[in-house]
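Asks: based on what follows, work out the 3D shape:
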Amino acid sequence: MDSMPIAVRRWFRRTDTMLGQVRTLFLLFVLIWPFFGLWGVRRAPAPLAVAAVVATLCLVGWLVLGYRRQRFPVWSWVVEGMGVAVVAGASGYGTTIGVCFLWINFRALYGCLREKLVAVATLTGIMAVGITVFHASAEAVVSLLITAFLALVVNHVLARAAAARDRAAARERAAASAGAGLVASTTRQDAMDVTLGAALSMDGQVSAALVVTIAGPALHVVAAAGEIGVEAAGWVVERTALPDEAGAALVPGGFVQLTGDAAQEASAVFRLRPHPVVVLAPLAVNGSCFGLLVLALTRRPQDDLSSSVTTLADEAALTLDQLLSRTRLKAVVDHSPDALVLASEAGVIRFVNPGTEKLLGVTASSLTGRDLWSLLHPDDRDGVLAAAAGPEPPAARPCRLRIGDEAQWTSVEAVIDYVNEHDGSRSIVFNARDVSERQRLELDLRHAQKLESVGRLAAGIAHEINTPIQFVGDNARFLETAFADLNRLQEAYRELISATRGEARHADLVADVERIADEIDIEFLLEEVPMALQQSLEGINRVAGIVRAMKAFGHPGSEEKTQADLGEAIANTLIVANNEIKYVADVVTDFAELPLVHCHLGDINQVVLNLVVNAAHAISAADRGRGTITVRTRLADSQVVIEVADTGTGVPPEIADKLFDPFFTTKEVGTGTGQGLALVRTLVVDRHGGEVDFTSEPGVGTVFTVRLPADLAQGSDMAEVGA
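Replies: So this is what the prediction gives:
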């Protein structure tokens with residue numbers, strides 16, 4: 001079509017409607033008229049025949065010109081009628097006048113009813129001229145007049161029907177074009193522009209179109225087109241300002257056509273010039289009306305616009321809602337601190353959000369097309385995929401990410417899910433949240449909690465250290481005195497030896513030495529000094545052991561797991577907790593030979609301490625005298641098991657399901673925080689992927705069981721222990 005000449009394209013535009021096709025058909029008949037229609041004037045006088053030919057050519061040219069412009073002025077009926085009268089008179093109102101009625105059929109396809117009244121008068125004048133001037137038969141003239149009137153009426157009705165059909169087709173094309181335009185719209189402004197353009201083409205009488213949104217009690221004109229005032233776009237008004245009849249358009253499926261005073265009032269509300277007709281259609285999605293499509297018409301439309309306008313409003317509402325959802329989704333995705341990645345089922349990255357760029361420190365373009373799995377730590381990949389493959393909704397799994405071999409690993413919690421796209425293909429949605437800072441804070445918090453536990457035990461530990469230090473001091477003072485006495489004896493022995501070297505007998509000196517030896521009880525000194533020394537050493541060793549246990553328990557540790565001897569760690573924890581235990585219970589240990597376990601040792605120390613102190617408190621609350629706390633370790637089903645049993649009050653069944661809840665405690669206000677067992681669950685389940693549970697019998701006692709994965713450095717160790 002684009003390669004056709006301009007004249008040809010215009011011809012096709014005139015004939016692409018039903019009314020245009022009918023007009024073209026009758027115009028072809030009119031063009032044929034001169035070739036045989038003028039045959040009837042050959043016997044007319046020469047001046048009249050020439051006049052008839054000229055009138056024919058002028059009439060045909062005028063009709064062609066009007067066809068090209070697609071309109072004729074009202075007065076042209078009279079002028080055209082004069083030309084037809086000349087042609088009819090030249091033929092004596094014979095057969096040629098019948099062919100001239102082709103003009104009537106063609107011209108009846110143009111103009112409104114008022115013009116048809118002028119046509120009736122013109123036809124009547126033509127027939128009157130035929131009777132009075134050309135002396136035509138009255139009977140023939142009346143018959144021709146009636147035929148002309150019928151042709152005029154029939155073609156006028158045909159023109160109106162074809163025009164109505166063309167208007168309906170035009171509205172359908174406008175709606176279809178609007179649908180295609182709305183689908184292609186990428187912004188809300190594009191969608192509103194398409195909607196307004198289609199609304200203006202719904203009817204020739206539409207002079208203005210508005211898109212109005214509803215925000216609570218307010219109406220906001222967000223877009224406008226056509227003959228609008230300077231204040232229309234952006235105008236905000238209360239809903240109550242609309243006429244009462246407009247309420248029908250504020251519900252899904254509603255439609256209202258306002259006329260008269262209501263239309264004038266609605267025009268004023270939207271800051272439009274007065275219009276006799278205003279059409280309102282709701283913009284509604286999912287049973288909720290969020291706006292209006294408003295059309296202002298210069299006069300009442302010839303056709304019912306409700307179906308076309310509501311269809312356009314529904315399409316616009318759906319597109320605007322989708323674009324709004326898309327805009328909101330984009331805002332959420334762009335401003336999310338989490339890393340959001342869309343990849344193909346094979347793992348090729350298609351899209352990343354700014355959060356991903358910030359997390360990995362690279363641009364989106366450098367990530368697009370890369371393999372998603374290359375970003376994950378090899379040890380974490382299977383766990384993340386396994387979480388997505390399970391029957392349950394995928395849960396966040398800890399893993400590590402980095403963009404290159406030289407970059408550091410970033411700790412994240414990641415979720416992978418598979419989604420079906422609109423074309424049926426499957427894609428991967430990868431969501432990762434940076435938890436490195438949270439892990440650092442958790443580590444600091446756990447260390448603070450550990451130091452808090454150490455603080456609670458500080459007074460008892462001070463007492464534990466004070467007792468051996470006292471007898472160490474007493475023995476040291478005794479040794480000081482004893483060695484002073486021994487020094488006196490040594491001096492006496494020296495004098496004796498020195499004196500006896502020159503003389504045979506020195507009885508007095510010997511007696512003096514013996515007296516001093518009796519005074520200091522040399523035998524007692526020789527017996528007690530070694531014992532005092534031994535006790536001092538034992539006390540010092542006890543102090544050293546307590547200090548070592550405190551240092552091992554209070555060490556902050558690191559975020560990385562290390563190989564640890566759980567038996568030694570638990571023994572150190574029991575030493576630290578001894579002051580909380582020794583007055584209420586005896587501790588029985590049963591440590592199996594365990595391999596080195598890959599764990600966060602500080603977390604395990606905290607778990608055992610909380611369980612042991614909790615057991616001591618339970619025994620104290622039972623008030624049945626001194627109890628027993630039993631701590632066991634064993635290896636079972638590829639798990640390291642730690643059991644802490646007590647002979648305390650037990651756990652009532654009604655609170656058993658709340659025992660690990662944060663801030664839940666059975667102790668008096670100000671005594672317990674409810675964080676001890678909650679922290680145990682966090683450290684065992686979340687930090688180590690283990691399990692913690694308990695069995696209890698009220699009035700008898702409770703056994704807490706901790707199971708940790710036996711993640712060993714060497715698999716052979718497990719086999720040896722299991723054997």
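Asks: residues in contact with the residue nearest to T327 when sequence neighbours are not counted?
Replies: In this structure, T327 finds its nearest non-sequential neighbour in R188, 7.1 Å apart by CB to CB, 6 or more residues apart in numbering. Every residue, glycine included, has its C-beta placed from N, CA and C. For R188, the contact set (CB atoms under 8 Å, 6 or more residues apart in numbering) comprises 320, 323-324, 327.
Asks: skip ahead from the helix or strand in which I131 is found and say which helix or strand is next.
Replies: Per DSSP states H and E: I131 is located in helix 113-132. Counting by DSSP H and E, the next helix or strand C-terminal to helix 113-132 is helix 138-184.
Asks: any buried residues in the helix or strand following that next one, and which?
Replies: Downstream of helix 138-184, the next assigned helix or strand under DSSP H and E is helix 188-200. Within helix 188-200, the residues that count as buried by 16 or more other CB atoms under 10 Å are 188, 191-200.
Asks: with only the CA atoms kept, save helix 188-200 in CSV.
Replies: Taking Å, rounded to 0.1, in the frame of the first residue of the first chain, the C-alpha atoms of helix 188-200 are listed here in CSV:
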residue,chain,number,x,y,z
ARG,A,188,1.1,4.4,32.2
GLN,A,189,1.4,7.6,30.2
ASP,A,190,1.6,5.6,26.9
ALA,A,191,-1.5,3.6,27.9
MET,A,192,-3.4,6.7,28.8
ASP,A,193,-2.5,8.4,25.5
VAL,A,194,-3.7,5.3,23.6
THR,A,195,-6.9,5.3,25.6
LEU,A,196,-7.6,9.0,25.0
GLY,A,197,-6.9,8.6,21.2
ALA,A,198,-9.3,5.7,20.9
ALA,A,199,-11.9,7.6,23.0
LEU,A,200,-11.8,10.6,20.7
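Asks: who are the packing partners of the next helix or strand after it?
Replies: Going down the chain from helix 188-200, the next helix or strand is strand 206-215, by DSSP H and E. Strand 206-215 is packed against helix 188-200, strand 218-226, strand 288-297, with contacts defined by 3 or more CB pairs under 8 Å, 6 or more residues apart in numbering; DSSP states H and E.
Asks: list the neighbouring strands of strand 206-215 plus their orientation.
Replies: Applying DSSP bridges to the sheet, strand 206-215 is found paired with strand 218-226 (antiparallel), strand 288-297 (antiparallel).
Asks: helix 188-200 and that one, what's the angle between them?
Replies: 140 degrees (axes from the mean of the first three to the mean of the last three CA atoms, to 10 degrees).
Asks: who touches strand 206-215?
Replies: Applying CB under 8 Å, 6+ apart, the contact partners of strand 206-215 are 192, 195-196, 199-200, 219-228, 232, 239, 250, 270, 272, 275, 283, 289-298, 316.
Asks: lowest-scoring secondary structure element of the protein by mean pLDDT?
Replies: Within the chain, no helix or strand scores below helix 715-722, which has a mean of 39 by mean pLDDT, DSSP states H and E.
Asks: strands of the stretch 401-550 of the chain, start to end?
Replies: In the stretch 401-550 of the chain, the segments counted as strands under DSSP state E, counting those that start in this stretch are 410-420, 426-434.
Asks: how about the last one: buried residues?
Replies: Right, the one you point to is strand 426-434. In strand 426-434, counting by 16+ other CB under 10 Å, buried: 427-434.
Asks: okay if I get those residues as TSV plus pLDDT and distance to L611?
Replies: Putting the buried residues of strand 426-434 into TSV (pLDDT from 0 to 100; distance: CB to CB, whole Å) gives the following:
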residue	pLDDT	distance to L611
S427	88	46
I428	87	42
V429	89	41
F430	87	38
N431	88	36
A432	86	34
R433	85	31
D434	83	33
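Asks: identify the residues contacting the nearest residue to S185 once chain neighbours are set aside.
Replies: For S185, ignoring the flanking residues on the chain, the nearest one in space by CB to CB, 6+ apart is A191 at 4.1 Å. Going by CB under 8 Å, 6+ apart, A191 touches 182, 185, 316, 319-320, 323.
Asks: could you redo the last one with a cut-off of 6 Å?
Replies: Each residue near A191 by CB atoms under 6 Å, 6 or more residues apart in numbering is listed here: 182, 185, 319-320, 323.
Asks: I'd assumed T647 was in contact with A622.
Replies: No: judged on CB atoms under 6 Å, A622 makes no contact with T647 at a distance of 7.3 Å.
Asks: between the two, who's got more neighbours?
Replies: T647 (22 against 18; other CB atoms under 10 Å).
Asks: can I get the strands of the stretch 401-550 of the chain in CSV with distance to A615?
Replies: Shown next, in CSV, are those (distance: least, CB to CB, whole Å):
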stretch, distance to A615
strand 410-420, 33
strand 426-434, 37
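Asks: in strands, which of the contacts of R188 appear?
Replies: Among the contacts of R188, none falls in strands (DSSP state E).
Asks: by neighbour count, which of those residues wins?
Replies: L320 (23 neighbours).
Asks: that one and A281: what is the separation?
Replies: Between L320 and A281 the distance is 13 Å, computed by CB to CB, to the nearest Å.
Asks: which secondary structure elements does the helix or strand hosting I570 contact?
Replies: Following DSSP H and E, one finds I570 within helix 566-576. Judged by 3 or more CB pairs under 6 Å, 6 or more residues apart in numbering; DSSP states H and E, the packing partners of helix 566-576 are helix 522-554, helix 601-622.
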